[in-house]
Each structure stands twice: as structure tokens, then as C-alpha cells.
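>>> Provided below are the primary sequence and the corresponding predicted coordinates.
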Amino acid sequence: MASAGASSMALGADDFQFDMDMSTEAPPSLLGMVFGFSGRIGRSTYWTIGAFRFLLTVALFVALAFNLPAGIENWNVLEFYGYFFGTAEGLKYGILFIPLTICYWSLEARRIHDRGHSALWLLLLFLPLVGLFYSLYLFVANGFFAGTPGRNEFG
């Protein structure tokens, strides 16, 4: 009797399932995690890298705000762009924003991949009014909705 009860409690080989489609690729490098566009990322990675990127962006905006020339409130749009593209100080800040922007697009693209959609949907961000609402949707969907379980066409 004891052996019958013990055999029903014992675990067999069929009780364990292994993913035979496991990737043998090496984990991505830090640069690949921050600037890569292929594959998928989960919500925790999205929030971790996104929070760090957000803090860097805020710090860069604060530094820019304290280093703007006096009288900028009276500038028109052309003078403002002239500062960013025509002076060494402005160009320095413009160049520093480039990697933060690439990081943003990278995170959104890979998070969209995790949810089973093409990153081409990010092109909606370029539409004036639609882009505003779509960016809010992306924040909620990418930040709070789970990705597709298992593999999908993006990884």
C-alpha cells in the first residue's frame, strides 16, 4: 500500500517539460539592450531601462535650461533652431539627445515586438495629433500589458 501511494506521489519524467526550442544565442550586451531594435523585451526590462533613460533626459533638459542664453523667451523659432544647430553649445546638447532618442525608439520597438506587433506602428508617432494619442496608448500598453506568451514572429 505504501508503495502505491508513494508511486502516485513520485514525479516522473513526463512531469517536467523542457522548451526544446531554446535559443543558444548569447545574452545581448548592454549596448544591445539599450540600442538594439530586434527581438523582444519584457515589462521589467522596459521599465528599468526606460526609467534610467527618463532620468538622463530630465537631467539633460535641466542642464540645458540652466545654460540657455539670456533673452531666449523673446526668440522666434528660427532663432531657437539657430542656437541648437549654429552654436557649439547648442550642438552639444543636440548630439546628447540623439542616443536618448534612439534608446526610446529601441525600447518601444522591442516592447511592441513582445506584444506581437510590428514596430512599423511607431510611424504613427510622426502624425501630429494622432502621434500624441498613440504615444499615450503606447505608454499604457507597453508598460502595463503582458506580451504574447511563448515565441511570436518577432522572437
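Happy to help now that I have it.
>>> wait, H113 sits on R40?
Yes. Taking CB atoms under 8 Å as the definition, H113 is a contact partner of R40 at 4.7 Å. Placement of C-beta: from N, CA and C, glycine included.
>>> Overlap in contacts, those two.
N152, F154, G155 (CB atoms under 8 Å, 6 or more residues apart in numbering).
>>> mind listing which of those residues are in strands?
Of the shared contacts of H113 and R40, none are assigned to strands by DSSP state E.
>>> now those in TSV, with pLDDT?
Formatted as TSV, the shared contacts of H113 and R40 follow (pLDDT from 0 to 100):
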residue	pLDDT
N152	86
F154	80
G155	70
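>>> Mark which of the residues you listed are buried, thanks.
For these, a burial check counting by 16 or more other CB atoms under 10 Å picks out F154.
>>> residue nearest the centroid of this structure?
Of all residues in the chain, the one closest to the mean position by CA atoms, centre = their mean is L107, 1.5 Å from it.
>>> so what's that one up against?
I41, Y46, I49, G50, R53, N142.
>>> from memory the last one sits against I49, does it?
Think N142. No. N142 is not in contact with I49 according to CB under 8 Å; the separation is 12.0 Å.
>>> So which of H113 and R40 has more stuff around it?
Ranked by neighbour count (other CB atoms under 10 Å), H113 and R40 place H113 first, with 22 against 19.
>>> Tell me which residues are up against stretch 43-56.
Identification of contacts with stretch 43-56 by CB under 8 Å, 6+ apart yields 33-34, 41, 100, 103-104, 107, 110-111, 142-144, 146-147.
>>> Let me see the ranges of the helices in the protein.
2-9, 30-35, 43-67, 77-86, 88-114, 128-144 (DSSP state H).
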